[in-house]
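A.B. asks: no sequence for this one, just the structure:
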């Protein structure tokens, strides 16, 4: 079989500043590696399987730095939810009935949905690690889908199955599961550490998780500063106080962080993933694009969860770009200035969703741009319903296109979608299996207590915040007692 492909017939957006873009360009791929990029005229007569972009855009595969494939079986269920509503209902109602087989199906659906929308790499944050079998099922679904990325084992404070006691024994059992899974990683799919939500567990458990990942060279991530006016999911200063802000850590959301906390992330080589749609809907605060840029942290993008948002990263690019443009314009208008130029461009949004995502996941030497020597993760976006050609292909890709316009997807040199159809997948059989899982889970949920009331959610917030304040305070006391604390001598901490 010919392992050489030629992408041609469209605008090549390499996202590489040294290579540049080509209005009528081509990308040559051989054995999974990009061999050459340039004007299409330079590739006449090449013996290759030709993929005609049909006037569309040839670009790097999109990179989603925070996605929950475990949510894919129940799209839209949180369409009108706040963050507290969604979290509580997910952990109390949606996730508990899931068997390992259910999780395999929903994660396979979620991964294929990502590929179908042009996402070639994902940091998949699993919140249903109820047992080793569950975690392995999610991991296996990702492998079977052919997507690239990381399976992030969520270290949630839940009862471990069997006769393992809650607390420290359950935590140790989960770490053992992560170690077992870590040894099963593949060339495309690796295992990452998803920290227990900061503050919800004793701080020594957070430190144990971070050190565990550090010793094994694992990518580590955490939902951080996800909601303003609460200490929940923060812990940035506590981590800094104990030397736990390690380079490459992915901090997810971050709208509530202070200048000092942003500076700590920047100074320690941290990465940030922004989920524009869920952050705007679920009362987390304004997505922190400007804070990222002002502190020299590269923006990367997240779809988060289809419980309440779109599955395609193009939507997140568009939402994020237009939101930040609006905020920037309004700042000038509030000063009595009529803006005469727009600072952020559509290319910035594409960079957020491609090469910055690669940087956030430590894969920038392999993917994220179309350049000779890089691994061939390539997407073709065609505006199939357009009446006229685009006068600015990058502009129409970001502002007009959606996941349905993704025509071709290649991951590591393998075609995963072509002519608008996923390759090698029995879609009818998968839809039948997914529908059976959907029906069973909905039947199980119908037997559960109703969703929590607003008053109950408010009381839960008060109780959880009290626990977080205690755990963070103990982190300072423990660090101070063994001589590691810096807070006494640094009033800015």
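C.D. replies: Received it, and whenever you're ready, just let me know what you need. These numbers were taken from a predicted model, which means no experiment stands behind them.

A.B. asks: ranges for the strands of the stretch 101-250 of the chain?
C.D. replies: Listed in chain order, the strands of the stretch 101-250 of the chain (DSSP state E, counting those that start in this stretch) span 119-126, 148-154, 189-194, 220-224, 250-253.

A.B. asks: the stretch 301-450 of the chain: strands as residue ranges?
C.D. replies: Using DSSP E, counting those that start in this stretch, strands in the stretch 301-450 of the chain cover 378-381, 406-411, 414-418, 421-422.

A.B. asks: just name the most buried of those strands.
C.D. replies: Here the criterion is mean neighbour count by mean count of other C-beta atoms under 10 Å, and of these the winner is strand 378-381, at a mean of 27. Any C-beta I mention is one placed from the backbone N, CA and C, and that applies to glycine too.

A.B. asks: which neighbours in the sheet does it have, and how are they oriented?
C.D. replies: Paired strands of strand 378-381, with direction, are strand 57-60 (antiparallel), strand 406-411 (antiparallel) (DSSP bridges).

A.B. asks: for residue 353, which of those is the nearest?
C.D. replies: Closest of the strands paired with strand 378-381 to residue 353 is strand 57-60, at 9.0 Å (criterion: C-beta to C-beta).

A.B. asks: name the residues that touch the closest one?
C.D. replies: 7, 10-15, 25, 27, 350, 354-355, 367-370, 377-381, 393-394, 397 (C-beta atoms under 8 Å, 6 or more residues apart in numbering).

A.B. asks: and after that strand, which helix or strand comes next?
C.D. replies: strand 62-67 (DSSP states H and E).

A.B. asks: contacts only, for the nearest residue to residue 111 once chain neighbours are set aside.
C.D. replies: Leaving out its chain neighbours, the residue that sits closest to residue 111 by C-beta to C-beta, 6 or more residues apart in numbering is residue 145, at 3.6 Å. Neighbouring residues of residue 145 by C-beta under 8 Å, 6+ apart: 108, 111-112, 115.

A.B. asks: rerun at 6 Å
C.D. replies: Contacts for residue 145 (C-beta atoms under 6 Å, 6 or more residues apart in numbering) come out as 108, 111-112.

A.B. asks: one more: residue 249?
C.D. replies: Residues in contact with residue 249 (C-beta under 6 Å, 6+ apart) are 220, 270.

A.B. asks: can you tell me how far it sits from residue 218?
C.D. replies: Residue 249 sits 11 Å away from residue 218, going by C-beta to C-beta, to the nearest Å.

A.B. asks: repeat for residue 242
C.D. replies: For residue 242, the distance to residue 218 equals 19 Å [C-beta to C-beta].

A.B. asks: now swap in residue 451 and tell me
C.D. replies: 35 Å.

A.B. asks: do residue 135 as well
C.D. replies: In this view, residue 135 and residue 218 are 14 Å apart by C-beta to C-beta.

A.B. asks: what's the burial count for residue 473?
C.D. replies: Neighbour count for residue 473, taken as other C-beta atoms under 10 Å: 12.

A.B. asks: that's a helix at it, yeah?
C.D. replies: Yes. Residue 473 sits within a helix when classified using DSSP: H, G, I helix; E, B strand; the rest coil.

A.B. asks: quick one: pLDDT of it?
C.D. replies: pLDDT, residue 473: 91.

A.B. asks: check residue 95 too.
C.D. replies: We have a pLDDT of 86 for residue 95.

A.B. asks: can you pull the contacts of it?
C.D. replies: Per C-beta under 6 Å, 6+ apart, neighbours of residue 95: residue 128.

A.B. asks: where does it fall, phi/psi-wise?
C.D. replies: phi -80, psi -40 (degrees, to the nearest 10).

A.B. asks: flag every buried residue along stretch 335-347.
C.D. replies: Within stretch 335-347, the residues that count as buried by 16 or more other C-beta atoms under 10 Å are 344, 346.

A.B. asks: over to stretch 355-370?
C.D. replies: Going by neighbour count (16+ other C-beta under 10 Å), the buried part of stretch 355-370 is 355-364, 367-370.

A.B. asks: ditto for stretch 128-141
C.D. replies: Neighbour-count burial for stretch 128-141, counted by 16+ other C-beta under 10 Å, picks out 128-132, 134-141.

A.B. asks: the residue nearest to residue 69 when sequence neighbours are not counted: how many residues sit nearby?
C.D. replies: Residue nearest to residue 69 in three dimensions, not counting chain neighbours: residue 110, with 2.7 Å by C-beta to C-beta, 6+ apart. Other residues lying near residue 110 total 28 when counted by other C-beta under 10 Å.

A.B. asks: pretty sure residue 110 sits against residue 71.
C.D. replies: No. Residue 110 is beyond contact range of residue 71, at 7.0 Å (criterion: C-beta atoms under 6 Å).

A.B. asks: what residues are up against residue 473?
C.D. replies: By C-beta under 6 Å, 6+ apart, no residues touch residue 473.

A.B. asks: ok, back up a step: make TSV out of the strands paired with strand 378-381 and add mean pLDDT and distance to residue 37.
C.D. replies: Shown next, in TSV, are the strands paired with strand 378-381 (pLDDT from 0 to 100; distance: least, C-beta to C-beta, whole Å):
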stretch	mean pLDDT	distance to residue 37
strand 57-60	98	9
strand 406-411	98	14
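
A.B. asks: give the helix, strand or coil label for residue 37.
C.D. replies: At residue 37 the chain is in strand, as set by three-state DSSP.

A.B. asks: so it touches residue 26, yeah?
C.D. replies: No. If you go by C-beta under 6 Å, residue 37 and residue 26 don't touch, sitting 7.4 Å apart.

A.B. asks: quick one: pLDDT of residue 479?
C.D. replies: pLDDT for residue 479: 62.

A.B. asks: again but with residue 263, I slipped
C.D. replies: pLDDT, residue 263: 98.

A.B. asks: how about it: what's its closest non-neighbour residue?
C.D. replies: In space, and not counting its chain neighbours, residue 263 is closest to residue 295: 6.2 Å by C-beta to C-beta, 6+ apart.

A.B. asks: for stretch 142-154, which positions count as buried?
C.D. replies: Buried residues in stretch 142-154 (16+ other C-beta under 10 Å): 142-143, 145-154.

A.B. asks: ok, now stretch 154-169?
C.D. replies: Residues of stretch 154-169 classed as buried by neighbour count (16+ other C-beta under 10 Å): 154-156, 158, 160.

A.B. asks: now do the same end-to-end measure for that stretch.
C.D. replies: Terminal residues of stretch 154-169 lie 16 Å apart, using C-alpha to C-alpha, to the nearest Å.

A.B. asks: chain center to that stretch, what's the gap?
C.D. replies: In this view, stretch 154-169 has its centroid 26 Å away from the chain centroid, taken as C-alpha atoms, centre = their mean, to the nearest Å.

A.B. asks: what does stretch 351-368 give?
C.D. replies: With C-alpha atoms, centre = their mean, you get 12 Å for stretch 351-368.

A.B. asks: and the gap between the residue nearest to residue 263 and residue 301?
C.D. replies: Residue 295 sits 17 Å away from residue 301, going by C-beta to C-beta.
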